[in-house]
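Q: here is a sequence together with a model predicted from it:
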Amino acid sequence: MYGAGKAFGEALGRFYAERCGIRVICLRVANFNGKDAPGQQYQPGYSRWLSPRDLAQLVWRSIEAEHVAFGIFYGVSGGCEKKWDLSNARELLGYVPEDDGSLPKQESKA
C-alpha cells in the first residue's frame, strides 16, 4: 500500500504539472531522525540517512529551481546505497550532500 500510494501521489503530481502548469517537486526522503548523526551505524556505501542540513539544502534548492516543472528526487546524505540515485538532483537542482551517514573507513594499524 505504501508504494502504491507513493506512486499514485507522484503520478498525480505529474498530471497537475502538465495539465495545470504548476510546479511539482516530489522528494523521496530517506531515514530522517532530525539529528546531526545517523540513528544507527552504516557501513560505507550503505547509508540511508538524511541529515537536517542536507534536507534543508534539498528543499531550498527544490524551491529555487524554477526551471524544473516536475521532478522526483531522492533525499539522502553521502555514503548512501547505490539504489539512491542522486544524479538528477545534482544535475537539475545542484544538490550535493554535505554530510555522510556511513562509518569512517577503518585505518590499518601498521
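A: Nice, thanks for sending it over. Numbers count the residues shown, from 1 in each chain.

Q: what sits against the nearest residue in space to Ala69 that is not next to it in sequence?
A: Using Cβ to Cβ, 6 or more residues apart in numbering and skipping the chain neighbours, the partner closest in space to Ala69 is Ala17 (5.2 Å). C-betas here are computed from N, CA, C, even on glycine. Applying Cβ atoms under 8 Å, 6 or more residues apart in numbering to Ala17 gives the contacts Arg23, Val24, Ala69, Phe70.

Q: between the residues you listed, which has the most around it?
A: When neighbours are taken as other Cβ atoms under 10 Å, the top entry among these is Val24 (19 neighbours).

Q: partner residues bridging it?
A: Under DSSP bridges, the beta-bridge partners of Val24 are Phe70.

Q: this protein: helices as residue ranges?
A: Listed in chain order, the helices found in the chain under DSSP state H are 2-20, 52-64, 87-88.

Q: can I get stretch 40-47 in CSV, CA atoms only?
A: Only the C-alpha atoms of stretch 40-47 are listed here, as CSV (Å, rounded to 0.1, in the frame of the first residue of the first chain):
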residue,chain,number,x,y,z
GLN,A,40,22.4,3.6,13.5
GLN,A,41,25.8,2.9,12.1
TYR,A,42,26.0,2.1,8.4
GLN,A,43,29.0,0.6,6.6
PRO,A,44,30.4,2.8,3.8
GLY,A,45,28.1,2.7,0.8
TYR,A,46,25.1,1.5,2.7
SER,A,47,23.8,4.6,4.4
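
Q: report the distance from that stretch to the chain centre.
A: 16 Å (Cα atoms, centre = their mean, to the nearest Å).

Q: so which bits of that stretch are buried?
A: Using 16 or more other Cβ atoms under 10 Å as the test for burial, stretch 40-47 gives Tyr42, Ser47.

Q: for the chain, what are the low-confidence residue spans?
A: Applying pLDDT under 70 to the chain flags the ranges 104-110.

Q: report the beta-bridge partner residues of the most centrally placed residue in it.
A: Taking Cα atoms, centre = their mean, the centroid of the chain lies closest to Gly75, which sits 1.0 Å from it. Beta-bridge partners for Gly75, by DSSP bridges, are Val29.

Q: good, we can wrap up now.
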